[in-house]
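**Student:** Got a predicted model here, sequence first, then my questions.
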Amino acid sequence: MHLDLTLLRALNGLAGRWAALDMTGRLLATAGPEIFALLFLALWFALPRQAARVRRAEVYAVAAGVLALSINAVISHFYYRPRPFVADPTLVHLLVRHPADSSFPSDHAAGGFAFWSGMSYAGQRYAWPFLVLAVLIAVARVFVGLHWPSDVLAGAAIGWLAGQLVLRYLQPALRPLADWGMHLLRVAPPEEPGAPRRLGQR
């Protein structure tokens with residue numbers, strides 16, 4: 001608890017000093033899901049058609065995010081931890097408004113690290129931007145006063161675990177969905193010569 005408090009004060013203690021830093025912190029802390037969505041869309045539509053593995057990784061990453069948030073929902077249902085601004089209103093410089101729901105574990109950290117963990121299927125060349133963004137968002141959630149550092153660390157661990165579970169156990173079930181999405185949006189790689197035609201093709 002002492003280390004948690006020390007790290008919270010160190011990060012949140014920077015809030016309110018520089019307008020540009022506060023604005024960046026607010027953006028990352030509140031618009032993380034939207035930033036991830038733009039990154040997913042950019043990869044899906046900007047990469048060449050041959051990049052099927054990356055697009056499959058995106059589907060696995062989204063599934064990992066859903067799984068991580070589901071795990072978080074179960075934990076927060078049985079365990080309530082007050083957010084720093086609820087535990088002691090004088091403790092933090094609060095930069096954004098937020099309901100006084102459970103602080104543990106962090107949904108934003110869990111989702112971000114789940115995306116990174118799932119994207120590792122495509123290789124670190126494509127996964128590292130998700131890791132950088134996940135770390136920045138996790139730090140921002142503490143910076144703006146919404147989470148204890150241990151909240152985001154727990155969320156990060158849950159997110160990583162969710163991604164590994166998806167890649168290990170759910171990948172075979174999700175791959176047809178990913179391939180269907182590629183064909184539906186016309187970004188599937190060209191058929192290999194001699195490959196069997198899919199149902200409905202002429």
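**Tutor:** It's in.
**Student:** Between the two ends of stretch 101-110, how far is it?
**Tutor:** 16 Å (C-alpha to C-alpha, to the nearest Å).
**Student:** List the buried residues for it?
**Tutor:** 102-110 (16 or more other C-beta atoms under 10 Å). Glycine gets a C-beta too; all of them are placed from N, C-alpha and C.
**Student:** any idea of the mean pLDDT for stretch 119-139?
**Tutor:** The pLDDT scores in stretch 119-139 average 97.
**Student:** Give the buried residues for it.
**Tutor:** 119-122, 126-127, 130-131, 133-139.
**Student:** where's the residue nearest to the spatial centre of the chain, which helix or strand?
**Tutor:** For the chain, G112 is the residue whose C-alpha lies nearest the centre (C-alpha atoms, centre = their mean; 1.6 Å). For G112, the element it lies in under DSSP states H and E is helix 107-119.
**Student:** before we move on, what SS does S103 have?
**Tutor:** coil (DSSP: H, G, I helix; E, B strand; the rest coil).
**Student:** What is the neighbour count of the nearest residue in space to it that is not next to it in sequence?
**Tutor:** Distance criterion C-beta to C-beta, 6 or more residues apart in numbering; nearest residue to S103, sequence neighbours excluded, is R83 at 4.1 Å. Here the number of neighbours of R83 (other C-beta atoms under 10 Å) works out to 20.
**Student:** what residue ranges in this protein score low on pLDDT?
**Tutor:** Applying pLDDT under 70 to the chain picks out residues 1, 191-202.
**Student:** which outside residues touch stretch 18-32?
**Tutor:** 14-16, 35, 95-96, 108, 111-112, 133, 136-137, 139-141, 143-144, 146 (C-beta atoms under 8 Å, 6 or more residues apart in numbering).
**Student:** try it again with 6 Å
**Tutor:** 95-96, 108, 136-137, 140-141, 143-144 (C-beta atoms under 6 Å, 6 or more residues apart in numbering).
**Student:** Name the residues of that stretch that are buried.
**Tutor:** Result for stretch 18-32 [16+ other C-beta under 10 Å]: buried residues 22, 25-26, 28-30, 32.
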